[in-house]
Structure formats: structure tokens, C-alpha cells
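Undergrad: this one's sequence-less:
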């Protein structure tokens with residue numbers, strides 16, 4: 001018989017029909033006459049209750065139906081007499097696909113710490129928590145593609161292996177096929193990368209932005225959505241060595257257009273989560289973060305406050321608060337400053353623009369004051385910066401001068417500079433760390449809990 005997903009079975013009104021569900025046993029309660037199985041297949045956070053008339057089934061087979069076992073159940077969809085579900089299945093046939101030894105299966109019916117579950121990341125999707133998180137993650141990925149597709153953006157695949165560091169964004173993972181124990185060397189003793197696979201030094205990408213800009217100069221509006229890598233020894237709840245980035249780049253967009261798109265995009269994603277992930281969000285709200293749903297609605301119910309970096313510094317200096325990181329014009333804002341602006345002062349999401357050029361990347365458009373650039377950071381409650389972007393510098397001479405100031409060689413970026421030589425136009429873009437978005441939407445506290453298999457310093461398990 002064709003399998004019915006448990007999400008569909010629970011929503012079905014076809015009482016009395018025979019259906020087959022397949023999944024994993026979450027719990028089993030039994031006496032000598034009847035057994036109750038809670039079965040889940042990952043299609044929903046809710047289990048379906050299976051009622052087993054014990055005398056009608058093989059005793060040894062029923063013994064093997066324990067927490068964690070993979071089974072198929074055929075039976076009649078019936079009104080449930082118990083609390084918590086509208087329907088249940090009166091079992092007529094059970095097939096055990098795979099057993100789970102109760103002595104060694106680590107997900108028995110009890111509470112488990114998130115830290116413990118990270119150590120069994122291959123099994124943690126079977127818990128309510130991670131089933132919910134990863135369904136929300138999927139929904140957010142789909143929402144992002146749908147948003148940009150519906151706006152006419154082209155999805156661009158930028159290279160994972162690159163010879164450029166997009167913005168000095170951090171230490172990079174080197175890619176090489178040279179023998180590490182005896183690499184070829186030049187006469188001065190340095191490694192001869194001309195003999196490497198690509199004939200030069202290459203690394204895993206930290207951003208697809210620069211290649212995205214190249215495509216925007218032909219397709220007008222593009223976005224990337226792919227893995228990015230940072231070889232930073234940051235063992236914090238906010239950092240990963242491998243994470244996913246969404247980076248739209250838009251020709252003919254100025255900084256205001258960029259802000260409008262970022263705000264609309266974030267509200268779309270949050271609205272999509274509230275409309276399509278209700279059961280999972282309710283579970284996460286009830287179990288982990290009692291203010292989660294309220295915080296998501298806060299994003300939708302407020303226009304984002306827009307102000308300059310200089311104005312923000314004045315607000316922070318006038319706050320009377322004692323900061324862990326002192327505030328003055330020219331410093332890079334920390335999470336404590338960003339959260340104060342959002343949560344205490346403006347009480348709404350904030351977009352900051354016009355940052356000092358010294359603390360921002362070389363490609364950002366310079367303002368006429370000679371001190372600031374048209375950078376843009378979107379700040380959210382709890383996590384601070386969720387989006388960083390800018391209007392890009394389209395003026396060839398200004399871009400080259402800035403590259404020289406920060407020590408970037410023109411010959412290494414000749415292809416990037418070509419877009420300013422041949423038909424340059426105003427353009428803008430931004431980057432959203434996907435895990436930061438999922439962190440915000442799920443209310444989880446550690447970024448390692450919103451990606452299936454986190455890559456962090458000293459950890460590449462699974």
C-alpha cells in the first residue's frame with residue numbers, strides 16, 4: 001500500500017480508511033492487552049499514535065518495536081480517544097525495518113542537553129528540537145529562492161575555489177594538490193605554486209560577492225546562495241568555519257534601493273516562517289524562547305529605523321551606559337552597541353549607513369566627505385548585525401586609489417577593475433549569513449544548532 005506521510009494522516013478527514021505510515025518509534029507504552037506507539041517520520045513535529053491490539057500480533061516482533069526502531073504500520077485511521085490528537089491508527093499490520101537496541105540507542109525518552117546532542121549530530125535530527133530547526137531551515141532556503149525568483153533575479157553559482165580574497169574578510173582555507181611533506185620549492189626556498197593544480201595559490205571562498213558583481217553588470221539583478229569558509233579560530237556561539245551566504249548584487253541600485261530591498265527581503269522571510277512553520281515555531285517558542293513568535297512579529301510590525309553611523313555614535317555616547325567596548329567615532333560597533341540601538345533606544349530594527357571608510361571594505365562607494373562610505377548594516381534584536389552591504393564604488397579611479405591604500409594589487413584584480421572600465425554603472429548589494437537568519441527565526445542560542453553538521457575549530461566530525 002502507498003505510504004501516507006504522517007503530516008497528511010494527521011490532517012486527514014478520511015476516517016475509517018486503511019492507510020500505511022512509515023517512520024521511527026518515539027515512545028512505546030504497553031500492557032498485556034494494548035500497546036501505544038508514538039511514530040514520527042519527520043514530515044511534522046507531531047507524532048501519530050498507533051494503537052496495537054497486543055494479542056493479534058507476534059510477541060517477539062512486538063518486543064523489537066522499541067524507541068528508535070524504524071517501522072511500517074498499516075491500519076485504520078480512527079478518531080482518537082486520547083488527549084492531544086484528533087486521529088490515531090488502529091494497527092492491523094506492523095513491519096519492523098530496523099531495530100534500535102534500548103541499551104545503546106542514545107535518544108531514549110528523556111531530556112538531552114543541546115551540547116550532548118551536538119556530539120551525536122548524526123542522530124539529533126530525530127529529536128523534536130532538531131526536526132523543527134531543520135524544517136524551518138528548509139523553509140527559509142525555499143523562501144529565499146522564491147523571493148528572488150519572483151522578483152526576476154538570476155541565481156548565480158559563484159566558485160567555491162578562488163584565487164582572490166574578496167575583502168580581506170578573514171583567514172582562508174588553502175586548496176592544494178602539492179605533496180605537503182615535500183612541496184616543490186624555488187631557489188629562494190619558497191613553495192613553487194606554479195606546479196600546483198591551478199598554477200597559483202587557491203583557497204576556499206569567503207564570499208561570492210566579487211563574482212556576483214561581474215554578473216550583475218550583465219544580468220542586472222543576481223543572487224548567490226552557497227557555502228563560504230573562514231579559517232578563523234573563533235570558538236563562539238556565533239561563528240562557524242563553514243556557513244552559507246546569500247548575496248544579491250543589483251545594477252542601477254543606490255544605497256536607498258539597497259536598504260529597501262534588504263528590509264523587504266527580511267520581512268518576507270520572517271512572514272514566510274510565521275505562515276508556513278507554525279507548529280515548529282510554537283514548539284520552539286514554548287520549549288526554548290518564550291518571546292520567539294513575539295519577536296518575529298516585531299520585525300513585521302515595525303518599519304526599520306534608518307540613520308547614519310555618526311548619528312548612532314551620538315546616541316550611544318549620550319546613553320549614559322558603561323560599555324564593555326568604549327564608543328567613539330571611528331570604532332567598529334560591537335553587538336552590545338547594536339542591540340542597545342535596536343532593543344532599548346529605537347525599539348525597532350535599525351539600518352545604519354555611512355560608516356567610516358577605514359573600517360569597511362575597499363569596494364564600498366566613497367561619500368563626498370572623504371571620510372565615510374555608503375555601507376549598510378541591518379541590525380536585529382538579540383543578534384545584532386544580520387545583513388551587511390553597501391553601494392559599490394563604480395568609479396575606476398577612486399576604486400584603484402582605495403585598493404592602493406589598503407595594499408591590494410591591481411594586477412590581481414584586473415578582471416574586477418574591467419567592470420569599471422567597460423560600461424560601469426551604479427550598483428549595490430548585500431550579504432546575509434543564512435545561519436544568522438535561521439538562528440533568529442528559530443530562537444536557538446548557538447549557531448552550531450542551526451546547521452546539520454557544524455564545522456568549527458578542532459571539529460569536522462560526521
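TA: Yep, it's here. Source: prediction; values computed, not measured.
Undergrad: list the contacts for the residue of the chain positioned farthest from its centre?
TA: In the chain, the residue that sits farthest from the middle, by Cα atoms, centre = their mean, is residue 55; the gap is 48.9 Å. When contacts are counted by Cβ atoms under 8 Å, 6 or more residues apart in numbering, residue 55 touches residue 33. Quick note: C-beta positions are derived from backbone N, CA and C, even for glycine.
Undergrad: mind listing the strands for the stretch 251-400 of the chain?
TA: If DSSP state E, counting those that start in this stretch is used as the criterion, the strands of the stretch 251-400 of the chain fall at 305-308, 350-356, 372-380, 384-391.
Undergrad: low-confidence stretches in the chain?
TA: By pLDDT under 70, the low-scoring segments of the chain are 165-170.
Undergrad: so which residues of it form helices?
TA: 6-11, 59-63, 114-119, 128-150, 209-219, 255-276, 278-287, 292-300, 309-317, 335-339, 396-406, 414-421, 434-442 (DSSP state H).
Undergrad: can you list the neighbours in contact with the last one?
TA: Here helix 434-442 makes contact (Cβ under 8 Å, 6+ apart) with 132-133, 136-137, 140-141, 144, 225, 240, 243-246, 266, 269-270, 273, 277, 281, 284, 292, 295-296, 380, 382-383, 386, 444, 447, 450-451.
Undergrad: repeat that for 6 Å
TA: Outside of helix 434-442, the residues within contact range by Cβ atoms under 6 Å, 6 or more residues apart in numbering are 133, 136-137, 140, 243-244, 273, 284, 380, 383, 386, 447, 450-451.
Undergrad: and the longest one, by the same measure?
TA: Contact partners of helix 128-150, identified using Cβ under 6 Å, 6+ apart, comprise 42, 45, 124-125, 223, 246, 268-269, 272, 276-277, 280, 283-284, 438, 441-442, 450.
Undergrad: to residue 364, which of the helices of the chain lies closest?
TA: helix 396-406 (8.5 Å; Cβ to Cβ).
Undergrad: and the closest one, how far out from the chain's middle?
TA: 33 Å (Cα atoms, centre = their mean, to the nearest Å).
Undergrad: for stretch 254-261, same thing?
TA: On Cα atoms, centre = their mean, the centre of stretch 254-261 falls 23 Å from the chain's centre.
Undergrad: name the residues of that stretch that are buried.
TA: 255, 258-259, 261 (16 or more other Cβ atoms under 10 Å).
Undergrad: now these as CSV including distance to residue 188?
TA: Output for these, formatted as CSV (distance: Cβ to Cβ, whole Å):
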residue, distance to residue 188
255, 46
258, 46
259, 50
261, 49
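Undergrad: deepest-packed of the helices of the chain, please.
TA: helix 434-442 (a mean of 24; mean count of other Cβ atoms under 10 Å).
Undergrad: now the angle between helix 292-300 and that helix, please.
TA: Orientation note: helix 434-442 sits at an angle of 110 degrees relative to helix 292-300 (axes from the mean of the first three to the mean of the last three Cα atoms, to 10 degrees).
Undergrad: return the distance of helix 434-442 from the chain's centre.
TA: Computed by Cα atoms, centre = their mean, the separation of helix 434-442 from the middle of its chain amounts to 5 Å.
Undergrad: give me the distance between the residue nearest to residue 386 when sequence neighbours are not counted and residue 129.
TA: Using Cβ to Cβ, 6 or more residues apart in numbering and skipping residues adjacent in sequence, the residue nearest residue 386 is residue 380, 4.6 Å away. Going from residue 380 to residue 129 by Cβ to Cβ, to the nearest Å gives 22 Å.
Undergrad: coming back round to it: so which of the strands of the stretch 251-400 of the chain comes closest to residue 158?
TA: Nearest of the strands of the stretch 251-400 of the chain to residue 158, taken as Cβ to Cβ: strand 384-391 at 16.1 Å.
Undergrad: what is the closest one packed up against?
TA: helix 255-276, helix 335-339, strand 372-380, strand 427-433 (3 or more Cβ pairs under 6 Å, 6 or more residues apart in numbering; DSSP states H and E).
Undergrad: repeat the analysis, applying 10 Å as the threshold.
TA: strand 242-251, helix 255-276, helix 335-339, strand 350-356, strand 372-380, strand 427-433, helix 434-442 (3 or more Cβ pairs under 10 Å, 6 or more residues apart in numbering; DSSP states H and E).
Undergrad: and it, how far out from the chain middle?
TA: With Cα atoms, centre = their mean, you get 15 Å for strand 384-391.
Undergrad: distance check, residue 200 against residue 162.
TA: For residue 200 relative to residue 162 (Cβ to Cβ), the value is 11 Å.
Undergrad: for residue 90, same thing?
TA: Applying Cβ to Cβ to residue 90 and residue 162 gives a distance of 59 Å.
Undergrad: of these two, who's got more company?
TA: Neighbour count, other Cβ atoms under 10 Å: between residue 90 and residue 162, residue 162 has more, with 20 against 14.
Undergrad: show the contacting residues for the residue nearest to the more buried one when sequence neighbours are not counted.
TA: Leaving aside its sequence neighbours, residue 162 sits nearest to residue 205 (Cβ to Cβ, 6+ apart; 4.7 Å). Neighbouring residues of residue 205 by Cβ atoms under 10 Å, 6 or more residues apart in numbering: 158-162, 164-166, 169, 172-173, 211, 224, 226-229, 245.
Undergrad: how close does residue 17 sit to residue 4?
TA: Look at residue 17 and residue 4: by Cβ to Cβ, they are 9 Å apart.
Undergrad: so what sits against both of the two?
TA: What both residue 17 and residue 4 touch, as defined by Cβ under 10 Å, 6+ apart, is the set residue 77.
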